[in-house]
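Q: make a model of this:
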Amino acid sequence: MPPTRVGFIGLGHISIHAHLPGLQPLVESGQVELSAFCDVSEEALAEQSAAFGAKATFTDHVQMFEQADLDAVYINLPPTLHTDQVSIAAQRGIHTFVEKPVSLDMAQATGFARQIEEAGIVAQVGFMSRYYSSAEHVVELLRDRTPRHVQVSLFYSGKPVRWWTSRYEECGGSFVENTIHMIDLIRYFLGDIDDVSAFYLWREPGEGPEMMNMPHVYDVNYRFASGVVGNATTSRVLTDANGAGRGEVLIICDDALIEWSTTKVTVNGETTFEAEPKGREAFALQAAAFIEAVQAKDPSRMRSPYGPSLNSLAAVLGANASAERDGQRLALADVEASEVTWNPRHCAGHGTPTLD
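A: You can find the predicted model right below:
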């Protein structure tokens, strides 16, 4: 079988530190050819094409689609920069990998999903947490158990990292930009989510690092289609805590308290799975699944196809919309249908402007 010809749109941190290294074993084995890179930075193009051996470079994605022979494309852009990239790929029958969050506009995302389905292409969303071996272990543990409650706790530094991940209007806030990974993971464990209610604690203007304009705390409640209830709390408060933080997922069943992390799972305090940290292994497994699905033209080979992943996007955009409405319970079906939307210029249910 000839190698799968892959292009990249966006050569930011996630591409050069995760997705390209994840694909590298497949490049070395001859299963993948890195055919084209596209970025607005000519410096990044020169550096990364030299590092990873791309055959051609472009500063315009339309030109790349017109001139490069591609079987698949990675779209690794901030969500507000998603315009016509998925549409062009679908029109040209090019299989697509899209980094999360795929959009801040639910209508745009569902429109892309329709185009993907009509084109019959393989499309995967970058929810790599499903590919941890520890996640597979939890799925096995739940086969013969009845879960009742799930809890996600993520306590991060409040220090900014990049501009777009520090601005509510650019990333949707930390719950949308980052916690979406854990929301998608608990969907992998427990199925789709039906309802959401959320309260956020907003920072005052001028409070905290200057470039940050997002909530301090996101507190979100969910009801799953199965009846399981859950809550997810994310904070960006620990600015001066000397690196302190926490990230955990708890699943409570009748007979088991299951604690998940990337390298360890415990049941009622006893370790049932433990593995040495293996760097970006989950990205490599995700890449292998995507390329296998592309070669077989079979989306079932992947764990996060684009269409089914929209429930994860609705769950986090719905949290923003609920917080904007002072904690009102919202049906995710209404969020997915864009009957309920959120406005990044208002928050806390009181119409308080958050942006200049």
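
Q: now the strands: where do they sit in the stretch 101-250 of the chain?
A: Counting by DSSP state E, counting those that start in this stretch, the stretch 101-250 of the chain has strands at residues 123-125, 147-156, 193-202, 215-224, 229-236, 246-253.

Q: turn those strands into JSON lines, columns for distance to residue 136, mean neighbour count and mean pLDDT.
A: Where C-beta positions appear, they are placed from N, C-alpha and C, glycine not excepted. Listed next are these as JSON lines, based on distance: least, CB to CB, whole Å; neighbours: other CB atoms under 10 Å; pLDDT from 0 to 100:
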{"stretch": "strand 123-125", "distance to residue 136": "17", "mean neighbour count": "27", "mean pLDDT": "98"}
{"stretch": "strand 147-156", "distance to residue 136": "16", "mean neighbour count": "18", "mean pLDDT": "96"}
{"stretch": "strand 193-202", "distance to residue 136": "21", "mean neighbour count": "21", "mean pLDDT": "95"}
{"stretch": "strand 215-224", "distance to residue 136": "20", "mean neighbour count": "21", "mean pLDDT": "96"}
{"stretch": "strand 229-236", "distance to residue 136": "20", "mean neighbour count": "21", "mean pLDDT": "96"}
{"stretch": "strand 246-253", "distance to residue 136": "14", "mean neighbour count": "17", "mean pLDDT": "94"}
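
Q: need these in JSON lines (columns: distance to residue 47).
A: Below are those laid out as JSON lines (distance: least, CB to CB, whole Å):
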{"stretch": "strand 123-125", "distance to residue 47": "26"}
{"stretch": "strand 147-156", "distance to residue 47": "29"}
{"stretch": "strand 193-202", "distance to residue 47": "39"}
{"stretch": "strand 215-224", "distance to residue 47": "35"}
{"stretch": "strand 229-236", "distance to residue 47": "31"}
{"stretch": "strand 246-253", "distance to residue 47": "32"}
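
Q: quick one: the helices in the chain?
A: Listed in chain order, the helices of the chain (DSSP state H) span 13-14, 20-28, 42-52, 61-67, 85-91, 106-119, 133-142, 168-171, 174, 180-190, 281-296, 306-324, 332-336.

Q: can I get those helices in JSON lines with mean neighbour count, mean pLDDT and distance to residue 247?
A: Converted to JSON lines, those look like this (neighbours: other CB atoms under 10 Å; pLDDT from 0 to 100; distance: least, CB to CB, whole Å):
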{"stretch": "helix 13-14", "mean neighbour count": "15", "mean pLDDT": "94", "distance to residue 247": "18"}
{"stretch": "helix 20-28", "mean neighbour count": "19", "mean pLDDT": "96", "distance to residue 247": "21"}
{"stretch": "helix 42-52", "mean neighbour count": "15", "mean pLDDT": "96", "distance to residue 247": "29"}
{"stretch": "helix 61-67", "mean neighbour count": "17", "mean pLDDT": "98", "distance to residue 247": "34"}
{"stretch": "helix 85-91", "mean neighbour count": "21", "mean pLDDT": "98", "distance to residue 247": "30"}
{"stretch": "helix 106-119", "mean neighbour count": "18", "mean pLDDT": "98", "distance to residue 247": "26"}
{"stretch": "helix 133-142", "mean neighbour count": "17", "mean pLDDT": "97", "distance to residue 247": "13"}
{"stretch": "helix 168-171", "mean neighbour count": "20", "mean pLDDT": "91", "distance to residue 247": "18"}
{"stretch": "helix 174", "mean neighbour count": "25", "mean pLDDT": "94", "distance to residue 247": "12"}
{"stretch": "helix 180-190", "mean neighbour count": "22", "mean pLDDT": "98", "distance to residue 247": "8"}
{"stretch": "helix 281-296", "mean neighbour count": "21", "mean pLDDT": "97", "distance to residue 247": "15"}
{"stretch": "helix 306-324", "mean neighbour count": "25", "mean pLDDT": "97", "distance to residue 247": "16"}
{"stretch": "helix 332-336", "mean neighbour count": "20", "mean pLDDT": "98", "distance to residue 247": "24"}
